[in-house]
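Enquirer: This is a predicted model, with the sequence first.
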Amino acid sequence: MMDGVATDPSSTPSNEAKPRRARRTRMTGAERRQQLLEIGRTLFAAKGFEGTSVEEIAAKAGVSKPVVYEHFGGKEGLYAVVVDREMRRLLDMVTGSLTAGHPRELCEQAAFALLDYIEEYTDGFRILVRDSPIPQSTGSFASLISDIATQVEDILGREFKNRGFDSKLAPLYAQALVGMVALTGQWWLDVRRPKKAEVAAHLVNLAWHGLDGLEAKPHLIGRRKA
């Protein structure tokens, strides 16, 4: 009691309720690994391998550098996993798209699959088309294109056989067709014009009408013959 006035101890400043701090949810090992992969993917796409540091990756994730080393052994290990995952994703999208029976529609499906990947996983494609500074377990972008071309070989081989052409040449044409789509995709990555469906239509127009009028024994018309 003070000056004849009763005071309530519960109302004094020393007893005021303090706001509780929100507890930070601790990530599981798998969740932390996924977080680091996503952060690394974004940084590698924007800055490349050399321009990205472990310090920056750790800072973005809100962890210390040793955490990155614990999960991936360093920047090289993280980069390798990011690249491997993107290569497998693109290969699965392309090979999984080849479901039609007609060769022309198969060409359309393959073109759309690559363009879909570029549109949906732009960061991943930017990483893939860079020159990798370290060896990858699944190879390079060129080897990935070769893997996709292998899937197309069987389709072209059957078509060549039906038309009376030499089916042994199917691998050559498969590389040419897939390479044409891949290089066009690299160009479209930044320009994004015309629209995806129109790009696919023009690619198939060139590929299909070139195949449609294919000569069984192509010849050169210039002076150089060898």
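Expert: The structure has been received and is ready for your questions.

Enquirer: State whether residue 144 is indeed within a strand.
Expert: No - secondary structure assignment (DSSP: H, G, I helix; E, B strand; the rest coil) places residue 144 in helix, not in a strand.

Enquirer: Looks like it contacts residue 87 (just checking).
Expert: Yes - the pair formed by residue 144 and residue 87 meets the contact definition of CB atoms under 8 Å, at 5.0 Å. (Each C-beta comes from the backbone N, C-alpha and C, glycine too.)

Enquirer: How is residue 27 assigned, secondary-structure-wise?
Expert: Classification of residue 27 by three-state DSSP places it in coil.

Enquirer: and it, how many neighbours does it have?
Expert: The local packing of residue 27 (other CB atoms under 10 Å) involves 14 other residues.

Enquirer: Please shift the residue numbers so they start at 50 in all later answers.
Expert: With the count now opening at 50, the last piece we talked about shows up as residue 76.

Enquirer: Now do the closest residue to it other than its chain neighbours against residue 75, distance only.
Expert: Among residues not flanking residue 76 along the chain, residue 84 sits closest, at 6.7 Å (CB to CB, 6 or more residues apart in numbering). Look at residue 84 and residue 75: by CB to CB, to the nearest Å, they are 12 Å apart.

Enquirer: helices and strands around the lowest-mean-pLDDT helix or strand in the chain, which ones?
Expert: In the chain, the helix or strand scored least confidently by mean pLDDT, DSSP states H and E is helix 190-212, which has a mean of 85. For helix 190-212, the elements it packs on are helix 124-146, helix 152-169, helix 171-178, helix 219-240, judged by 3 or more CB pairs under 8 Å, 6 or more residues apart in numbering; DSSP states H and E.

Enquirer: Give the buried residues for the last one.
Expert: It stands for helix 219-240. 219-220, 222-224, 226-227, 230-231, 233-234, 237 (16 or more other CB atoms under 10 Å).

Enquirer: try the third one
Expert: By 16+ other CB under 10 Å, the buried positions in helix 171-178 come out as 172-177.

Enquirer: With stretch 149-156 instead?
Expert: By neighbour count with 16+ other CB under 10 Å, stretch 149-156 contains the buried residues 152, 155-156.

Enquirer: Kindly report the same for stretch 93-100.
Expert: 93-94, 98.
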